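A.B. asks: build the 3D model from these lines:
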Amino acid sequence: MALPLSYHWRHLLAHRTTTVLTVLVIAAVVGTQAWILGFSVAFNNSLAVASDERKIIVIRRGASAESSSALPVEEFNRLIQLPALAVDADTHEPLVSPELMVQIALPRRRDKGQTTGNVAVRGVTAAAFRVHDTVKLQGPLFSKGAQEVVVGVKAAEQFMGLQVGDVIRLGYGNNREYQVVGFFSARGGPLESEIWTYLPSLQSAHNRDTYSSAALRVRDDVDPHKVVEEIAGPAIGLTAQTERDYWQAQTSRIRAYRALVSVLVSVMAIAAAVAVANTMFTLVAGRTREIAMLRTIGFSGRQILTGFVLEAMMLTLAGGVVGCLACQVWLDFVGHAKDMYAATNFTTLAFDIRLTPEIMVCAISTVITLGVAGALVPAWRAARVEVVRALREA
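C.D. replies: Model prediction:
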């Protein structure tokens, strides 16, 4: 016969201060881990969308990002001659999109405009919607004859002044007013953090006669890495990367941030295991006579060991539930939208952090495992208490 759960609850409640402090330590670990897992899932899902091996991003040689690139028209025209380009089934034109990127500082929603972030404004033509085939309009498209923009749904969630009817200022000296006329989605990818407008209009506003980049799509029967090498060769002389490689390079800083925080969470998890072990050692030390009495009335060492492990699981489960609830409350309070700067173009990428059941189960199960590991030594010590000696010393 195993020890009843009520027996263990009573003893945990009898040591309220130690129990509460241990639960709070565990809750801090689980809450932080759940946030990091939510961030990682959102980040990975975004990059998973931007991983089309058939799409190639081309910028000027020596540039590290679209925002620092200037691609003359004559160099862009060389790309159109590539035999590996895919062709649009309706227009029979090569799938190449000339694009211009500028940045605009906008106030963030999460702190009511106290801070700002750089949002990418991309000038495109109709070809962009065929090359970037994940982009889907939600409402009307900008007009070629008017100063209008469409906004990525993530950008609209994260920044103020990007709702339909709002006006943003572009151009040198912010002297051109562009009206928001609609939104677009990109399956949660990085493009959802941008604002799109008509390419010639953006060139005129910023007095540019060059492009920032070109996005092109290659045929299914062509090795994209061979095309990258051809573009980098002497005939064209530009820098090219597959979409996956390009965004991996742009998000290296975010991955480094995630790795650093993961290390800190690991240290906190070890601290939680130590806290559970310390609590269990305290409980064992104060219950030597009681454990001896349990052994005397017939409970085996294995049953007592199992009982103390169950107490550790109760502690960690309680801390895990509190931590997940605290994380959810925090996300609801500060907002689920989060943005971070890319490594080289200093443009924000927005993520929507959600605390899913899978994330909560993963965070709680991890800390329960650590808690049980930390409780094994004191539980084993309790199971090996010598009955006669313990009764005599008590």
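
A.B. asks: can you pull out the strands in the protein?
C.D. replies: 55-59, 96-107, 116-124, 136-138, 148-152, 167-170, 176-185, 195-198, 213-217, 239-242, 337-341, 348-352 (DSSP state E).

A.B. asks: need the ones you listed in JSON lines (columns: distance to residue 271 and mean pLDDT).
C.D. replies: (C-beta placed from N, C-alpha, C; glycine too.) What follows is these, written out as JSON lines (distance: least, C-beta to C-beta, whole Å; pLDDT from 0 to 100):
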{"stretch": "strand 55-59", "distance to residue 271": "43", "mean pLDDT": "95"}
{"stretch": "strand 96-107", "distance to residue 271": "38", "mean pLDDT": "94"}
{"stretch": "strand 116-124", "distance to residue 271": "34", "mean pLDDT": "92"}
{"stretch": "strand 136-138", "distance to residue 271": "46", "mean pLDDT": "95"}
{"stretch": "strand 148-152", "distance to residue 271": "40", "mean pLDDT": "97"}
{"stretch": "strand 167-170", "distance to residue 271": "47", "mean pLDDT": "95"}
{"stretch": "strand 176-185", "distance to residue 271": "42", "mean pLDDT": "96"}
{"stretch": "strand 195-198", "distance to residue 271": "44", "mean pLDDT": "97"}
{"stretch": "strand 213-217", "distance to residue 271": "47", "mean pLDDT": "95"}
{"stretch": "strand 239-242", "distance to residue 271": "41", "mean pLDDT": "92"}
{"stretch": "strand 337-341", "distance to residue 271": "26", "mean pLDDT": "69"}
{"stretch": "strand 348-352", "distance to residue 271": "28", "mean pLDDT": "77"}
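
A.B. asks: so for residue 44, which of those strands sits nearest?
C.D. replies: Nearest to residue 44, of all these, is strand 348-352, at 9.9 Å by C-beta to C-beta.

A.B. asks: what does the closest one contact?
C.D. replies: For strand 348-352, contacts defined as C-beta atoms under 8 Å, 6 or more residues apart in numbering pick out 39, 42-43, 46, 117-119, 154-155, 157-158, 188, 190, 192-193, 251, 254, 336-342.

A.B. asks: check contacts around residue 215.
C.D. replies: 55, 56, 57, 58, 96, 97, 99, 128, 131, 132.

A.B. asks: against residue 81, how distant is the second one?
C.D. replies: Read it as residue 56. 15 Å (C-beta to C-beta, to the nearest Å).

A.B. asks: the more surrounded of those two?
C.D. replies: residue 56 (28 against 10; other C-beta atoms under 10 Å).

A.B. asks: tell me what that one is bridged to.
C.D. replies: residue 216, residue 242 (DSSP bridges).

A.B. asks: that one contacts residue 230, doesn't it?
C.D. replies: No - Residue 56 is not in contact with residue 230 according to C-beta atoms under 8 Å; the separation is 10.3 Å.

A.B. asks: tabulate the strands of the chain (CSV), appending distance to residue 68.
C.D. replies: Formatted as CSV, the strands of the chain follow (distance: least, C-beta to C-beta, whole Å):
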stretch, distance to residue 68
strand 55-59, 8
strand 96-107, 10
strand 116-124, 13
strand 136-138, 29
strand 148-152, 21
strand 167-170, 19
strand 176-185, 23
strand 195-198, 19
strand 213-217, 10
strand 239-242, 11
strand 337-341, 14
strand 348-352, 16
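
A.B. asks: for residue 375, which of those is the nearest?
C.D. replies: Residue 375 lies closest to strand 337-341 among the strands of the chain, at 35.4 Å (C-beta to C-beta).

A.B. asks: contact partners for the nearest residue to residue 248 once chain neighbours are set aside?
C.D. replies: Excluding its sequence neighbours, the residue lying closest to residue 248 (C-beta to C-beta, 6 or more residues apart in numbering) is residue 47, at 7.4 Å. The contact partners of residue 47, taken as C-beta under 8 Å, 6+ apart, are 189, 190, 247, 248, 251.

A.B. asks: identify the farthest-apart pair in these.
C.D. replies: So, the contacts of residue 47 by C-beta to C-beta: farthest apart are 189 and 248, at 13.4 Å.

A.B. asks: which of these two has more residues huddled nearby?
C.D. replies: When neighbours are counted by other C-beta under 10 Å, residue 189 and residue 248 differ, and residue 189 comes out ahead with 24 against 16.

A.B. asks: how near is the nearest residue in space to the more buried one that is not next to it in sequence to residue 326?
C.D. replies: Excluding the flanking residues, the one nearest residue 189 by C-beta to C-beta, 6+ apart is residue 49, at 3.3 Å. From residue 49 over to residue 326 the distance is 30 Å, taken as C-beta to C-beta.

A.B. asks: burial count for residue 354?
C.D. replies: Quick note: residue 354 (other C-beta under 10 Å) scores 12 neighbours.

A.B. asks: the one 3 residues further on too?
C.D. replies: Using other C-beta under 10 Å, residue 357 has 8 other residues around it.

A.B. asks: shaky segments in the protein?
C.D. replies: Scanning the chain for pLDDT under 70 picks out 1-15, 252-255, 257-258, 261, 272-273, 276-277, 279-301, 340-346, 378-379, 381-394.

A.B. asks: now the helices for it?
C.D. replies: 5-14, 16-49, 73-80, 128-131, 153-158, 199-205, 224-232, 243-250, 252-285, 288-296, 301-334, 357-383, 387-393 (DSSP state H).

A.B. asks: dump the ones you listed into TSV; add distance to residue 215 as well.
C.D. replies: Listed next are the helices of the chain as TSV, based on distance: least, C-beta to C-beta, whole Å:
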stretch	distance to residue 215
helix 5-14	60
helix 16-49	15
helix 73-80	10
helix 128-131	5
helix 153-158	19
helix 199-205	12
helix 224-232	12
helix 243-250	8
helix 252-285	21
helix 288-296	70
helix 301-334	34
helix 357-383	33
helix 387-393	75
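
A.B. asks: ranking these by burial, who's on top?
C.D. replies: By mean neighbour count, with neighbours taken as mean count of other C-beta atoms under 10 Å, helix 153-158 ranks first of those at a mean of 23.
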